[in-house]
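A.B. asks: Provided below for reference: sequence and predicted model.
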Amino acid sequence: MARQLMRPFLFKVSFMNIGMTLCMDHSQYGQSAWIQSLAEGLGITEGTLFEAGAHQPNRISNSRSFLESGWKALLVEASTDNCLKWEKFNHPKASIFNEKISYKHGGLDKILERVDSPFDIDVLFLDIDGAEYQLLHNMSLYRPKIICVEYDNSYPLSIDFVPKFSWNSIESGQCSSTAMYRMMSSKGYIYVNSFFIDHVFISQELLSKFRNLPGYDSWGQKAFSRIAPKNLYQFNRVLLNQPPGKGGKGIEFYQSKLNNLVVNQYYRDASHYFYFLSQFFESFSPFVSYARGKEYFDDYVKQLDSFNNEYADSLFFL
């Protein structure tokens, strides 16, 4: 969903100095180059990474810049077509596994064992569009040094949301920003940065070796409070950047998130979220009319009426 709603910002290529090497970042939001620089600052060069949801080497790849800097990559990808692209890429230090991670208890441990990962693998990327929270929460046999994990950034930080989960399927998407931060903190990981839909954490035991590192004292809760709000969905972009004549699509997006809270019985959070969204949608209406025209605005108003009618009565007294 993030890739659809933020179309103009889909593919970000940036350059930064990694030691003496110029590194081209193929990741979606610049996270790979930043993490690689962080790893080097912590004394990790030409290490090993694991990525679940490896996508493609030539489009939105977290791993490629690492490979180009001499790292080894253990890649897991459910799409056969994407795996074929990695095989065609044919990098000597990339191992691609066409598999899905089991949602059963210990699924992440099992796939790490399957790909012969080191116990304390240097970097772990996890982006499988659901169950990231549960898989990391239940990981017990491995201790990655740096973890970059996707979450749902459409919920405000006041909502600590973890979707229902069965061992056979994922229901209602991904956890909220705050939920991911809380769980990772409980497992002994320190928050260091965010890249729109990804949080980055570092293990306490690794960070403790670098207490003199610039910015050490500013990581953790201080950093989360400062950085995480800037990486939530920006309402104006979602509401204004829909296709011509489809002004209601942005409201539908937030409506689906509100519905996730209701389905998962987060009724109090759903009630507060509804009040906030309803007020914002109403107050933003003049901007929609001015910026996108009558056809877009009419669809926006139609969806707003539907939104209010669906939830006003059921959530009012919660």
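C.D. replies: Done, it's in. Numbers count the residues shown, from 1 in each chain.
A.B. asks: under the pLDDT cut-off, which ranges of the protein? List them.
C.D. replies: Scanning the chain for pLDDT under 70 picks out 1-29, 165-172, 213-216, 315-318.
A.B. asks: where along it do the helices fall?
C.D. replies: According to DSSP state H, the chain carries its helices in the segments 2-5, 31-41, 64-68, 80-89, 107-114, 132-137, 177-186, 204-207, 221-227, 235-240, 249-263, 267-292, 294-316.
A.B. asks: turn the ones you listed into a markdown table, columns for mean neighbour count and distance to D152.
C.D. replies: Placement of C-beta: from N, CA and C, glycine included. Shown next, in a markdown table, are those (neighbours: other Cβ atoms under 10 Å; distance: least, Cβ to Cβ, whole Å):
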| stretch | mean neighbour count | distance to D152 |
| --- | --- | --- |
| helix 2-5 | 14 | 9 |
| helix 31-41 | 21 | 17 |
| helix 64-68 | 23 | 26 |
| helix 80-89 | 15 | 23 |
| helix 107-114 | 18 | 19 |
| helix 132-137 | 22 | 10 |
| helix 177-186 | 20 | 8 |
| helix 204-207 | 16 | 25 |
| helix 221-227 | 15 | 16 |
| helix 235-240 | 17 | 13 |
| helix 249-263 | 19 | 7 |
| helix 267-292 | 16 | 13 |
| helix 294-316 | 16 | 19 |
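A.B. asks: could those helices go into CSV alongside distance to N98?
C.D. replies: Listed next are the helices of the chain as CSV, based on distance: least, Cβ to Cβ, whole Å:
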stretch, distance to N98
helix 2-5, 22
helix 31-41, 22
helix 64-68, 18
helix 80-89, 4
helix 107-114, 12
helix 132-137, 19
helix 177-186, 27
helix 204-207, 31
helix 221-227, 35
helix 235-240, 34
helix 249-263, 30
helix 267-292, 38
helix 294-316, 40
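A.B. asks: so which of the ones you listed comes closest to H55?
C.D. replies: When the helices of the chain are compared by Cβ to Cβ, helix 80-89 sits nearest H55, at 5.9 Å.
A.B. asks: mind checking which of the helices of the chain is nearest L74?
C.D. replies: helix 107-114 (8.2 Å).
A.B. asks: which helices and strands does the closest one pack with?
C.D. replies: Packed against helix 107-114, as judged by 3 or more Cβ pairs under 8 Å, 6 or more residues apart in numbering; DSSP states H and E, are the following elements: strand 48-52, helix 132-137.
A.B. asks: so how far is that helix off the chain centroid?
C.D. replies: Computed by Cα atoms, centre = their mean, to the nearest Å, the separation of helix 107-114 from the middle of its chain amounts to 21 Å.
A.B. asks: over to stretch 50-61?
C.D. replies: With Cα atoms, centre = their mean, you get 14 Å for stretch 50-61.
A.B. asks: any chance you could give me it in PDB, C-alpha atoms only?
C.D. replies: Taking Å, rounded to 0.1, in the frame of the first residue of the first chain, the C-alpha atoms of stretch 50-61 are listed here in PDB:
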ATOM      1  CA  PHE A  50      19.900 -11.600   5.800                       C
ATOM      2  CA  GLU A  51      16.900 -10.200   3.900                       C
ATOM      3  CA  ALA A  52      13.400 -11.600   3.900                       C
ATOM      4  CA  GLY A  53      11.400  -9.900   1.100                       C
ATOM      5  CA  ALA A  54      14.400  -9.400  -1.100                       C
ATOM      6  CA  HIS A  55      12.400  -8.100  -4.000                       C
ATOM      7  CA  GLN A  56      14.600  -7.500  -7.100                       C
ATOM      8  CA  PRO A  57      18.300  -6.600  -7.500                       C
ATOM      9  CA  ASN A  58      17.500  -3.700  -9.900                       C
ATOM     10  CA  ARG A  59      14.500  -2.200  -8.200                       C
ATOM     11  CA  ILE A  60      14.000  -1.400  -4.500                       C
ATOM     12  CA  SER A  61      16.800  -3.600  -3.200                       C
END
